[in-house]
Each structure stands twice: as structure tokens, then as C-alpha cells.
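*Asks:* Pasting the sequence and the predicted model now:
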Amino acid sequence: MSQFISVFDMLKIGVGPSSSHTLGPWRAAQQWILKLKEQHLFETIDRVQVDLYGSLSLTGKGHATDLAILLGLSEADPEYIPIEDIFIIVERINTQEELIFKGGKTIPFPKSAIKFNREFLPFHANGITFRGFSGVKEISTETYFSIGGGFIVQEHDSLEEEIEINKKNFPFPINRAIQLETYCESHHLLISEIVLQNELVLRTSEEIDFELHRIWDTMLESMYLGCHTEGKLPGGLNVKRRAFETHQKLIKDAIYSNPKEWITAIRSTEVKFREILKWVSCLALSVNEVNAALGRVVTAPTNGSAGVIPAVLMYYLVIENHQADFSHIKRFLLIAGEIGSIFKKNATISAAMGGCQAEIGVSSAMAAAALTELMGGTPAQCLSAAEIAMEHHLGMTCDPIGGLVQVPCIERNSMGAIKAIHAAEIALETNPKESLVHLDNVIDTMWETAKDMNKNYKETSEGGLAVTVRLADC
């Protein structure tokens, strides 16, 4: 028996640069304010203190954790807030040193109200505690953990409030990849068809299509924006945006005025192996440059890996199948979401727990499986593609220079996208029955690798490139 994780849990619209360090703390702050209101404590609160622990503290500044907390406490919604309002709200709070809640309630909030604590809490590497005071009395203390992909929990949360996936509730309860494969074989269904049947328990067909359209539109817009924005990324590393110049060289003199016309324009460009590599790379880079600049992207399954799935899906649309339509996009996203949920249930999608294999590796596996079905692969070949993609990301560390989701994070999305396409091609030429390694095996191996990995390589900026490349040298 297992918790049901929807495709819409794995693919969430939000703001960069990090799902675990930005979106998670943002949601935690929102949840705490909601709990204060439910407990009738909100009107009594006149002072707030926030404590960050472990990875949230060590790389929080570079991941905009402090900004996310300000926005969450202000009750802004990361899915819908206009991007330009983010900087206005943050600047106002920092200048006036006070929080303004919905309804007009105002309390002091000095910069010292957010404390960065290097120690790790035992439950998870990403810990955050909110404390509310009335006068000198502490009347509310809640600790949350940001466990990757924008998911938040509290240490003693019970899954009783979650939706259990079983035969009573869902037609195809899935915890392991082998179950998914068995359902496909016994019912003669594609992976996307299995996933859709489960999703229809919670949403109508129209609701599913509407939400998947929103997800794809956000992905497309982030690629479009990234390819048409030049300059340097914020944060102090002075990283130059690369997607803009690469895109200019690739698109040449094509004429278009919006993202939909852009797809048609790309389809008319020259297609050689080098150009394909450049297009995939450009598209992946573009999303994560937007993410690094606190832009809106789709967490897939994390913000740090947000560029892989859009780039591979766009590759299919503009290179492999010029007649592709929303039905193909829908199948791709359904499959990707399900593969991601299997990783989350049996391992982790948090770099603070498992290194970058948990982010880029998982996103590459998600994209590889989805692409394989669209290319005509069997369900077993789809799972084989996911296995191949992850197998060649095993052990990848998370070592962001300066705690910023820029170097090496942005480039890794490009590599993850290329590996996903390569994995799909290998799987399509493979008889899965002859494969020695199943997807479940590689997921288990990934989790064991994560547990064995030195904590310095788990999003702490205390190892790897984050140490050998000094911020002062950048």
C-alpha cells in the first residue's frame, strides 16, 4: 500500500531557483500562516522568527530561501504571483522591515528574524522552524521539512491524511515499476493509458487536459523567454546567459511573434546532428536560466532539473514529429509524472538527500521513458529507457558554486536531456527481456548510493566544485 502521487504533484508550476530551497520554504510559510488562522492565533501574533537548518541554511542565500520565506509569510502564491511583484514585495519588506499580511495586518520583521543555523535536524537535511510570539510569549512553533520537488512535510505527519493508492481507490495502484509493467502487459495498455485511468479518479478528463495545457504552456513560455533574454544572471557569479546567442545562430532569419509560431519556425530550420545537439542544449539551458533568475518554470521534478523534460518534449515536437499535437504532449507528461512518482516513493528527488542524481538523474529518466513511448516503444522499453538514463547519472553530486543554482546546475540540464534522448534510442533497439538491470534495481541502487554519499556533496556547497572553484575567483 502506498501514497498516491499525482502527475500534478510531480509537475508543479512555481518560481525559481529551487524547488527544495525556494518553493518548499515558500509553501511551508504559507501553510504555517494558514495554521495560525485555523488555530485563531494569527491576530495575536506580533513577532515572527524563522530558523533555517542544514542545507537550507548552508545554501539558502544562493537559493533565495530567505526571499521565498518573505513571500510565503506575505501570503503570495508562487503559482500565480506576477514575477515583477516578487522583487517589489521583497524590497518593501527589507526596506520597511515589516510584514504586511492579507487584510492589512502588519508586524515588525527585521532582517535578523531569519536565522541561518548550520546544524542539521535529524529527520531531513532541509529543516525550517517558524516561531510566533505574542509579546514575550512563544505561542506557536512549527517545524517543516522541504523534501524535494516543492513537497513539504512535518516530522510526525501521518499518511492517513494522504490518499492511499490501492485497488479500492484506484484501478491501477502503483508503487514499483514492475507493477506498472505488469499492468501494461496484462491489460494491453500503454503506460500513458494506465496513468490516465488513475488520474481520472481525482479529476475529470477536462480538468486533466486543462492542467496539462497550463503545464505545457508554462514550459514553452520558459523556453521562449530564456531563448530571447540576454545578459547576466543575478547572484554574484556574473554567469552569462548562453541560450540567447545560441538561439540566434540556430533560428537565423525565421519570422515569428509568439511561442506557437516559434515552434513552426524551429521546424523549418536545418536539421543536422550538430544542430540537434545545439537545439536540445539551448532549450534546456534556456529554462534553467529563467529559473536561476527567479522566473516561472515547471518543477519537473525539481526546479534545478526543470529544463530536461521541456527540452526533450520540444525535441520530439520540432525534430521527430512535426505533426505532433496536444495528444502527444499529454501522453509525454503523464508518463514523465508517473516515472518521477516511482522514484519519489522508493528513493528521493531531493539533492539535499541524494545529490544531483536525485534531480537531473530522475528528470532524465522521466523524459527518456516518455520519449520512448512517443517513438513507438513498448512499456517495457519505456522502463528500460528510464533505467538506462538513471544508470548513467548514479552518484552525481550536488555542488553548486556559491550555493547558486547556476554552475554546474544549468549545464547539467543540457546533459540530462541529451542522455534521455540517447537512452530512449538505446532502449528502442533493446529487448527488455534480455536486460540484466530493471528500473526498480537502479532506483534501489540510487537510494543506497544516496545514503552512502558524503553529506558535503548533498547541496551544502561544502564539497566538489563549490570548494575547488572559489567564489572570489568568479
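*Replies:* Happy to help now that I have it.

*Asks:* which helix is the longest one in this protein?
*Replies:* Of all segments of type helix in the chain, defined using DSSP state H, the longest is helix 205-227.

*Asks:* buried sites along that helix?
*Replies:* For helix 205-227, the neighbour count (16 or more other CB atoms under 10 Å) marks 208, 211-212, 215-216, 218-227 as buried. All C-beta atoms are positioned from the backbone trio N, CA, C, and that covers glycine.

*Asks:* Could you pull out the strands in the stretch 251-400 of the chain for me?
*Replies:* Here the stretch 251-400 of the chain has its strands, by DSSP state E, counting those that start in this stretch, at 296-299.

*Asks:* that older thread, could I get the average pLDDT for the longest helix of the chain?
*Replies:* The average pLDDT within helix 205-227 is 98.

*Asks:* quick one: it to chain centroid distance?
*Replies:* Put simply, helix 205-227 sits 15 Å off its chain's centre (CA atoms, centre = their mean, to the nearest Å).

*Asks:* could you say what helices and strands that helix packs with?
*Replies:* When contacts are defined as 3 or more CB pairs under 8 Å, 6 or more residues apart in numbering; DSSP states H and E, helix 205-227 sits against helix 7-10, strand 12-15, helix 243-251, helix 259-267, helix 273-292, strand 296-299, helix 308-315, helix 326-346.

*Asks:* Which positions in stretch 372-392 come out as buried?
*Replies:* When burial is assessed from 16+ other CB under 10 Å, stretch 372-392 yields the following buried residues: 372-375, 377-392.

*Asks:* Look at residue 192 and report its pLDDT.
*Replies:* pLDDT at residue 192 comes out at 98.

*Asks:* Revised request: answer the last question for residue 20.
*Replies:* At residue 20, the model reports a pLDDT of 94.

*Asks:* need the contact list for it.
*Replies:* 55, 63, 126, 146-150, 302, 350-352, 459 (CB atoms under 8 Å, 6 or more residues apart in numbering).

*Asks:* Against residue 226, how distant is residue 52?
*Replies:* 29 Å (CB to CB, to the nearest Å).

*Asks:* need the longest strand for the protein.
*Replies:* strand 137-148 (DSSP state E).

*Asks:* strands paired with that strand, and their directions?
*Replies:* Strand 137-148 has the following sheet partners, assigned by DSSP bridges: strand 126-134 (antiparallel), strand 151-153 (antiparallel).

*Asks:* Run the chain-centre distance for stretch 322-331.
*Replies:* Here stretch 322-331 is found 22 Å from its chain centre; the criterion is CA atoms, centre = their mean.

*Asks:* first vs last residue of that stretch, how far apart are they?
*Replies:* This stretch, stretch 322-331, spans 16 Å end to end (CA to CA, to the nearest Å).

*Asks:* right, so of the helices and strands packed on helix 205-227, which gets closest to residue 68?
*Replies:* Ranking the helices and strands packed on helix 205-227 by proximity to residue 68 (CB to CB) places strand 12-15 first, at 7.9 Å.

*Asks:* partners of the closest one in the sheet?
*Replies:* Sheet pairing of strand 12-15 (DSSP bridges) gives strand 296-299 (antiparallel).

*Asks:* What are the buried residues along the one helix or strand residue 193 maps to?
*Replies:* Using DSSP states H and E, residue 193 maps to helix 191-199. For helix 191-199, a neighbour-count test (16+ other CB under 10 Å) marks 191-196, 198-199 as buried.

*Asks:* just stretch 268-278 next, same as before
*Replies:* In stretch 268-278, counting by 16+ other CB under 10 Å, buried: 276, 278.

*Asks:* ok, now stretch 430-447?
*Replies:* Judged by neighbour count (16+ other CB under 10 Å), stretch 430-447 contains these buried residues: 430, 432, 435, 438-440, 442-443, 445-447.

*Asks:* remind me which residues of this protein are low pLDDT?
*Replies:* Within the chain, the stretches falling below the threshold (pLDDT under 70) are 1-2, 158-163, 165, 471-474.

*Asks:* please redo it, this time with the cut-off set to 50
*Replies:* 1, 159-161 (pLDDT under 50).

*Asks:* rewinding a little: give me the angle between the longest helix of the chain and helix 259-267.
*Replies:* 60 degrees (axes from the mean of the first three to the mean of the last three CA atoms, to 10 degrees).

*Asks:* which of the contacts of residue 20 are buried?
*Replies:* 55, 63, 126, 146-150, 302, 350-352, 459.

*Asks:* and which of the residues you listed is nearest to residue 259?
*Replies:* Among the buried ones among the contacts of residue 20, and counting by CB to CB, the member closest to residue 259 is residue 302, at 23.4 Å.

*Asks:* what residues are up against the closest one?
*Replies:* 18-20, 148-150, 349-351, 359, 362-363.

*Asks:* circling back: which of the buried residues of stretch 372-392 fall in helices?
*Replies:* 372-374, 379-391.

*Asks:* Would you check which pair of those residues lies furthest apart?
*Replies:* Within these, two members stand farthest from each other by CB to CB: 374 and 391, at 21.4 Å.

*Asks:* And the residue positioned nearest the centre of the chain, how close does it get to residue 43?
*Replies:* Residue closest to the average C-alpha location in the chain (CA atoms, centre = their mean): residue 302, at 1.5 Å. Distance of residue 302 to residue 43, computed by CB to CB: 36 Å.

*Asks:* So residue 99 lies in a helix, does it not?
*Replies:* No: using DSSP: H, G, I helix; E, B strand; the rest coil, the assignment for residue 99 is strand, not a helix.
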